[in-house]
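**Student:** Requesting a structural model of the entry that follows:
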Amino acid sequence: DESDAGDILEVIVAEMIDTSLVKQPTVGDFMTSPVLSAKPTMTEKHVEDLFIRYDVRSLPVVDDDNNVIGLVTYKEVAAAKQRLWNKEQKRIRQEAKLAADIAAGKNVTKHHDKN
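**Tutor:** Numbering: from 1, shown residues only. Model (predicted):
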């Protein structure tokens with residue numbers, strides 16, 4: 001009935017007020033300090049080592065004055081490594097094909113791929 005609904009609503013409102021007054025954790029309660037960061041001159045291997053050693057998935061990138069200039073993520077580094085690996089595999093396949101063509105006596109001219 002309606003009087004029960006009013007009582008229930010009153011209890012719910014009282015609980016909401018009580019829980020809103022409880023101190024909520026802030027970022028400062030669980031942040032990493034001092035700040036681990038990367039420099040734009042670091043290699044992907046160095047940044048990957050930081051990700052693994054400190055179990056983080058992203059790092060702010062800072063300049064020489066420690067101003068944040070970007071963010072690098074584990075996913076971005078993994079993608080960059082994959083692109084480099086793919087490029088190296090393509091180069092190896094091209095060199096193998098060229099060697100096979102030369103061995104087969106084909107007239108070939110070597111050209112450099114821009115990619």
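**Student:** so what's the residue nearest the centre of the chain closest to, chain neighbours aside?
**Tutor:** Taking CA atoms, centre = their mean as the criterion, T73 is the residue nearest the geometric centre of the chain, at 1.8 Å. Closest residue to T73 apart from its sequence neighbours, by CB to CB, 6 or more residues apart in numbering: S58 at 4.4 Å. (Glycine included, C-beta is placed from N, CA and C.)
**Student:** Can you name every helix or strand that whichever helix in the chain runs longest contacts?
**Tutor:** Taking DSSP state H as the criterion, the chain has its longest helix at helix 74-103. If contacts are counted by 3 or more CB pairs under 8 Å, 6 or more residues apart in numbering; DSSP states H and E, helix 74-103 sits against helix 44-54.
**Student:** and the helix it packs on, what does it pack onto?
**Tutor:** strand 58-62, helix 74-103.
**Student:** where does this structure dip in pLDDT?
**Tutor:** Within the chain, the segments meeting pLDDT under 70 span 1-3, 21-22, 108, 110-115.
**Student:** follow-up on the earlier one: list the contacts for the residue nearest to T73?
**Tutor:** Taking CB atoms under 8 Å, 6 or more residues apart in numbering, we find S58 in contact with L71, V72, T73, Y74.
**Student:** and if you look at V35?
**Tutor:** With CB under 8 Å, 6+ apart, V35 has these contacts: P60.
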